[in-house]
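**Student:** Sequence first, then the predicted structure, then my questions.
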Amino acid sequence: MRILGIDPGLRVTGFGVVDQVGSRLSYVASGRIRTPNADLAQRLKTILDGLAEVIAAQRPGEVAIEKVFVNVNPSSTLLLGQARGTAICAAVLHGLPVAEYTALQVKQAVVGNGHAQKRQVQDMVRRLLRLAGEPSTDAADALACAICHAHGGRGYGGLAGAGRRRGRSR
């Protein structure tokens, strides 16, 4: 199974692709989609187009995306939610099932501590996927989301099952 993990963001959306064969995970690709300093509609289009390119090139079977946390600033939370919704639409438009995980679930699955720091997530992603170097924080978060899905979504302790919402397009 090929899994696309997405760390949504309005300025930078991270993506990471892993292959899962049994309990073994292997790195396929990762990167960032940077949006221009433009109006909201153009930024969302950049995210949609960028993820469409990633999906076409990598051909994942499933998508895992991080849920939005409620921020101190409601305006920031709404903007992040729009970026996240756009990422979900990119997956659904390609007929891919989408699983959603909280940051706590992702960190727990990857680091073993739901309150781990970003640096710890980066290091564990590098180790788990046997990467030569550290991925960027955005790519590491996306890869961590894919790893969480591979572990929690496949019966490895059912870690993410309780908080997961899964949908399939028609």
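**Tutor:** Okay, I see it. Residues are numbered from 1 along each chain as shown.
**Student:** end to end, how far does stretch 109-118 reach?
**Tutor:** 14 Å (Cα to Cα, to the nearest Å).
**Student:** Check which residues of it are buried.
**Tutor:** Using 16 or more other Cβ atoms under 10 Å as the test for burial, stretch 109-118 gives 109-111, 116. For the C-beta atoms, the positions are set from N, CA and C on the backbone; glycine is no exception.
**Student:** So what touches that stretch?
**Tutor:** 101, 104-105, 107-108, 120-121, 124-125, 128, 137, 140-141, 144, 147-148, 151-152, 159-160 (Cβ atoms under 8 Å, 6 or more residues apart in numbering).
**Student:** Just the buried residues from those residues, in PyMOL please.
**Tutor:** Selection command for PyMOL covering only the buried members of the contacts of stretch 109-118, criterion 16+ other Cβ under 10 Å:
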select buried, resi 101+105+107+108+121+124+125+128+137+140+141+144+147+148+151+152+159+160
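**Student:** re the thing from before, so of the buried residues of stretch 109-118, which ones are in helices?
**Tutor:** Judged by DSSP state H, the subset of these located in helices is 109-110.
**Student:** Out of the buried residues of stretch 109-118, which is nearest to residue 32?
**Tutor:** residue 110 (18.8 Å; Cβ to Cβ).
**Student:** In which helix or strand does the closest residue in space to residue 18 that isn't next to it in sequence reside?
**Tutor:** Once flanking residues are discounted, residue 18 sits nearest to residue 146: 4.6 Å by Cβ to Cβ, 6 or more residues apart in numbering. Assigned by DSSP states H and E, residue 146 belongs to helix 137-152.
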